[in-house]
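S.K.: Let's see this in three dimensions:
(chains A and B)
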Amino acid sequence: MSWLAEVDWASVLIQGTLIGGLYALFAIGLSLAFGIMRLVNIAHGDLIVLCAYLAMIVVNATGMHPLLSIAVVVPLMFVLGYLLQRGLLNFTLGPSILPPLLVTFGISVIIQNLLLEVFGADTRRLNAGAMETASIALPGDVTVGIFPLVIFAVALVSLGALQYLLYRTRLGRAFRATSDDADTAELMGIDNRHLYSLAMGIALAFTALAAVLFSIRTSFDPAAGPINLIFAFEAVIIGGLGSLWGTLLGGVILGVSQSLGGSVVGPSVSMLIGTQVSAQWQILTGHIVFIIILIVKPDGLFPRIRD
Amino acid sequence: MSTVENLLKTKALSACYGDFQALFDIEFEIREGETVAVIGSNGAGKSTFLRALAGALDSAPAMVSYQGNPIGHLPAHQVLRLGIALVPEGRKLFPSLSVEENLRIGGDFGRAGPWTLNRVYELFPVLAERRAQAATALSGGQQQMCAIGRALMSNPRLLLCDEISMGLAPVIIRELYERLDTIAAEGTTLVIVEQDIDRALAAADRFYCFQKGRVSLAGTARGFDRQAITAAYFGI
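M.R.: Residues are numbered from 1 along each chain as shown, chains lettered A, B, ... in the order given. Coordinates of the predicted model:
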């Protein structure tokens, strides 16, 4: 396997790590909704894609830079998240986690078909101009794209902001208390229905942020939701439910696995069995690593410690 | 007794858990500054009664009136803002919050008033020493202090205490009841639910005895007929 010597390991690891930031951003919204109200949002991936289309509409209508559309899409999704929770999802919450699962599955189907009806099946992508291809050179002949760096930095800042919100503010305290014991939180004057709606609003605001970055980096179509839901799930589960920085690590592990899958694992296996190298090796390797971690540490790498 | 004097009054209060009716036509009243004990055996409906007052159980609007206004239909988070706080049975501290966060969250959505973090720490100095620890790291008695402090942080006019002596050593129970006297001396109106008749009557001005979801006896705490209470308590 002499070709392995030609693999640019540093580059593979760095690309994987940086894409992990995007997966962590995907995972934030999913993790918040589950952590605070035990709601598994099956429509999460489709909401990401919906946000991408919203960003596209904004960019097409105004001609603004795709990154600036964040200023429109994020507040819009906060409001949509609040209303979705208040008007629909709150009624599905109860002792069983099945009703929200079924209802968000329904929302997932509706969003996919609505997008297909309105926008057709064509793949789309937002053009961010020169910054997409700009890169900086690191010592040792490694070049890193500016845009992947931006995505990773946004993920770090987002997780830091969320950490501040949850552990340093009155609202965050209320979120954690409600997550512990919703009935007793009501006795403390917390209006759970309002609080849950705020949580979904914040979850979808982060989702919108992730979606705009995603729509510049990758092409998308109405059916792109489920695979992104799976990436978000894998990042959350690898990191350990309820752990913010664990989620980032989960995203990075997933990203690096995929990166290695595309450049090392896929080519090696293909060479051994004598087939063409398939791009699917990237995603498959991520899933395999996810399953291995699930077998070795079922609670993830950093499970939240509770009494 | 004129209705204006009543801080809180219930009229034919009934409450259900699903199909099970736990309270039947409870007639109860408490004046501002009074301490009233609710006694009764296990399953008599005492905790249900407090939860109904706190808004955690649904009832018809007119079944509970507070300062002359119907509140039976209000949810718990609105009832708290009116000045009614519950120290729930079993303390129910938030396990992922520290001692200080547990206290703070009691005040976050409550009313303004004399009770602050510092005042609660004066009342229960041991909580100040352990402020940064997880609430679950506290001993049973300290957890109960934390639960009382958390309720006080909302500056209630009416404080509902559900079996604060449960599972605690007598010396701790005595200390807790001394603190309740301090709280009452601030002008806070108290409803104390207890299984221990003597403990409850010693702290209270008046009492109600519950049996199978109904008031079986009511009267002043001093000079009661012990035999009558025992009969009302056990239904013999």
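S.K.: Can you tell me which residue is spatially central in the chain?
M.R.: Going with chain A. A:Phe26 (0.9 Å; Cα atoms, centre = their mean).
S.K.: Correction: the question concerned chain B.
M.R.: Central residue of chain B (Cα atoms, centre = their mean): B:Leu160, at 1.7 Å.
S.K.: which residues touch the residue of the stretch 51-200 of chain A found nearest chain B?
M.R.: When scored by Cβ to the nearest Cβ, the stretch 51-200 of chain A has A:Gly189 as its residue closest to chain B, at 3.1 Å. Every residue, glycine included, has its C-beta placed from N, CA and C. By Cβ atoms under 8 Å, 6 or more residues apart in numbering or on different chains, A:Gly189 lies in contact with B:His77, B:Leu80, B:Arg81, B:Asp108, B:Phe109, B:Gly110, B:Ser154.
S.K.: okay, now the spatially closest residue to it that is not a sequence neighbour: neighbour count?
M.R.: Nearest non-adjacent residue to A:Gly189, counting by Cβ to Cβ, 6 or more residues apart in numbering or on different chains: B:Phe109, 3.1 Å away. Counted by other Cβ atoms under 10 Å in any protein chain shown, the residues lying close to B:Phe109 total 18.
S.K.: Please apply the same query to B:Ala147.
M.R.: 27.
S.K.: quick one: it is in a strand?
M.R.: No: per DSSP: H, G, I helix; E, B strand; the rest coil, B:Ala147 lies outside any strand segment and is helix.
S.K.: Find the nearest non-adjacent residue to it, please.
M.R.: Closest to B:Ala147 by Cβ to Cβ, 6+ apart is B:Arg91, at 4.2 Å.
S.K.: what about that neighbour, which SS state?
M.R.: coil.
S.K.: Please tell me how far it sits from A:Leu284.
M.R.: According to Cβ to Cβ, to the nearest Å, B:Arg91 stands 50 Å off from A:Leu284.
S.K.: Can you show me the strands along the chain?
M.R.: I'll assume chain A. A:135-138, A:142-145 (DSSP state E).
S.K.: that's the wrong chain, I meant chain B
M.R.: Counting by DSSP E, the strands of chain B are B:6-17, B:20-31, B:35-39, B:64-66, B:69-70, B:84-87, B:158-162, B:189-194, B:206-211, B:214-220.
S.K.: Of those, which is nearest chain A?
M.R.: Counting by Cβ to the nearest Cβ, and looking across all of the strands of chain B, nearest comes strand B:84-87 at 5.4 Å.
S.K.: Can you list the strands that that closest one pairs with?
M.R.: Within its sheet, strand B:84-87 is paired with strand B:158-162 (parallel), according to DSSP bridges.
S.K.: So for the strand it pairs with, mean pLDDT?
M.R.: Confidence for strand B:158-162, expressed as mean pLDDT, is 97.
S.K.: Same check on stretch B:71-80?
M.R.: So the average pLDDT for stretch B:71-80 ends up being 96.
S.K.: how about it: buried residues?
M.R.: With burial defined by 16 or more other Cβ atoms under 10 Å in any protein chain shown, the residues of stretch B:71-80 counted as buried are B:Ile71, B:Gly72, B:Leu74, B:Ala76, B:His77, B:Val79, B:Leu80.
S.K.: For chain A, tell me which of those residues show up nearby.
M.R.: Among these, proximity to chain A is found for B:Ala76, B:His77, B:Leu80 (Cβ under 8 Å from any Cβ of the partner chain).
S.K.: check contacts around the last one.
M.R.: Contacts for B:Leu80 (Cβ under 8 Å, 6+ apart) come out as A:Leu187, A:Met188, A:Gly189, B:Ala54, B:Gly55, B:Phe109, B:Gly110, B:Ser154, B:Pro156.
S.K.: so where's the stretch 1-150 of chain A uncertain?
M.R.: A:1-2 (pLDDT under 70).
S.K.: Where does it get nearest to chain B, which residue?
M.R.: Taking Cβ to the nearest Cβ, the stretch 1-150 of chain A has A:Gly35 as its residue nearest chain B, at 10.4 Å.
S.K.: Skipping adjacent residues, who's closest to that residue in space?
M.R.: A:Gly242 (5.2 Å).
S.K.: didn't the one you found look like it was pressed against A:Asp299?
M.R.: No: using Cβ atoms under 8 Å, A:Gly242 is not in contact with A:Asp299, being 10.0 Å away.
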